[in-house]
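Enquirer: heads up, no residue letters with this:
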């Protein structure tokens, strides 16, 4: 069967060939000359987490990790010259997971004219699932559509396409504003000119107040519209020599060239605040937003681009904390910021700067004298502040949307590491991760877990999810449904910190927990007779309900011996091992088990 193209445009190509394109089993897409995805099948949508809507064609740049953009654009430019090429790159899906992928791209050529690019994309981890003949079968899609006798390169269209791709590399796809890369380039150029001409340069860092409530109450589509409205207003208020950049989320940075005094900077900030405060109509209702604005000025507050942005950022946080709205940077301001706000500020960038890592504490079966699992524990090492206690930064994350980002990172990192251990042929053991209430209550959580396990080709029984009593008692029916769905997919749920709540016993029989962890507060002070009685009761309760019981916080030989005497044979704590680095975990599984030698008495 031959598909004939009615006219030379990519939309017609997709329309006429849709039955054939839709039948492709692996992740398959079509993009136009400007890099917008005009067709994607369900496999691509599953991989990326994004669906393609008729009125919103997402550009490929929005998927690519920032450091991969340059080489990806170079790849696209080669394909637009008529070449067939493959590329290994990294993409970030909707849930924040970074995926290593291989892309094969072939130009769409109709009547000798390149209209766009067709390609398929596979996760590097799943490449073995495709037969070696997949590429040849994929090629036949095009020969079945139209035999290519010659290639006529439309230089005008290709030039425009290259210009568009270059634009996308340096601009935010949602608002069209310069992105961080473009701002960094412009700021360095402006500062060099300012040094020569002895001029001042102003930097404004603004963050929309309570923007997440727009997303939470009206949805992300309305949130995107708000960002576009604000971006257009700000663009219209700036001079031709000024630059406004979207940094991500609801953060913007503005570079002001024509600043003579600090007063000029304050006036500009006040004008911007007034522009943002103008009502926005959404779904028939007016909404009024405000912003927290921080400012720094060259050369008064520094000579380097990164330092000026950081100081404006610090001033913005102080403006938000104090409620003044607008704040200029002042010497020693970092000391004025509360530690909590400083940590929140730094935590936003901790993942991107590779400051977070996981350590793993073994969970031991003392009867079998072996490690049956490890609990993944999140740690943060800041280059200036040093090691930040988990109890401190996790609480800060829970008070903002950061907890979702951190939790996704932990899931991704733990599964990737478990895959590495599987490839090392270590004995079977599970990895458990702690999941907060806000994460487990997301409708997308189940799919996120399933997708991550699938990408790393992990059996579901190698991952266990720990939730606290407080999480279990929050939105009980929804939590119960999620737990059952996870267990139906083979993922076991552990009730952490058991015994410290007040309503857990009445619900314990309703929840399908296979494992409970007795909180370490019951293990401490076992020299007290009443403490021993409570601990004995909790162990007996769990066992009578047919659950595995793990005692946390086992640090001393006497605690170990008492727990053995009451039938608790799964334990975790410093007595066996402190949380260990990735490199040390394999030592738990050596034949000699040197790390645990002498612990089983």
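Expert: The structure has been received and is ready for your questions. Computed from a predicted model, the values in this text were never measured in an experiment.
Enquirer: Just give me the neighbour total for residue 583.
Expert: 7 (other C-beta atoms under 10 Å). C-beta: built from backbone N, CA, C; applies to glycine.
Enquirer: Can you classify it as helix, strand or coil?
Expert: Here residue 583 is helix, with the state taken from DSSP: H, G, I helix; E, B strand; the rest coil.
Enquirer: Show the pLDDT at it.
Expert: Note on residue 583: pLDDT of 86.
Enquirer: Give the residue farthest from the middle of this structure.
Expert: residue 529 (47.7 Å; C-alpha atoms, centre = their mean).
Enquirer: From residue 541, how far out is that residue?
Expert: Using C-beta to C-beta, to the nearest Å, residue 529 is found at 19 Å from residue 541.
Enquirer: what do you get for residue 92?
Expert: 44 Å.
Enquirer: Return the residues in contact with residue 598.
Expert: Applying C-beta atoms under 8 Å, 6 or more residues apart in numbering to residue 598 gives no contacts.
Enquirer: Distance of it relative to residue 447?
Expert: For residue 598 relative to residue 447 (C-beta to C-beta), the value is 45 Å.
Enquirer: Check whether residue 549 sits in a helix, strand or coil.
Expert: Following three-state DSSP, we place residue 549 in the strand state.
Enquirer: Does the residue lying closest to it once chain neighbours are set aside lie in a helix or a strand, and which?
Expert: What sits nearest to residue 549 in space, not counting adjacent residues and going by C-beta to C-beta, 6 or more residues apart in numbering, is residue 542, at 4.0 Å. Element membership of residue 542 [criterion: DSSP states H and E] is helix 529-544.
Enquirer: Give me the buried positions along that helix.
Expert: Going by neighbour count (16 or more other C-beta atoms under 10 Å), the buried part of helix 529-544 is 532, 535-536, 538-539, 541-542.
Enquirer: Out of those, which comes closest to residue 27?
Expert: Using C-beta to C-beta, residue 542 comes nearest to residue 27 of the buried residues of helix 529-544, at 44.5 Å.
Enquirer: Which residues are in contact with that closest one?
Expert: Neighbour list for residue 542: 498, 516, 518, 548-549 [criterion: C-beta under 8 Å, 6+ apart].
Enquirer: Now flag whichever of these is closest to residue 199.
Expert: In terms of C-beta to C-beta, no member of these lies closer to residue 199 than residue 498, at 64.4 Å.
Enquirer: Report how many residues lie close to that closest one.
Expert: Burial of residue 498 is recorded as 27 neighbouring residues (other C-beta under 10 Å).
Enquirer: Wait, it touches residue 521, no?
Expert: No: counting by C-beta atoms under 8 Å, residue 498 stays clear of residue 521, with 10.7 Å between them.
Enquirer: out of the contacts of residue 542, which are buried?
Expert: Of the members of the contacts of residue 542, the ones counted as buried by neighbours, 16+ other C-beta under 10 Å, are 498, 516, 518, 548-549.
Enquirer: Out of the residues you listed, flag the one nearest to residue 205.
Expert: Relative to residue 205, the closest of these is residue 498; by C-beta to C-beta it sits at 44.9 Å.
Enquirer: So in terms of bridging, what pairs with the nearest residue to that closest one once chain neighbours are set aside?
Expert: Distances taken as C-beta to C-beta, 6+ apart put residue 516 closest to residue 498, at 4.4 Å, once the chain neighbours are dropped. Beta-bridge partners for residue 516, by DSSP bridges, are residue 495, residue 549.
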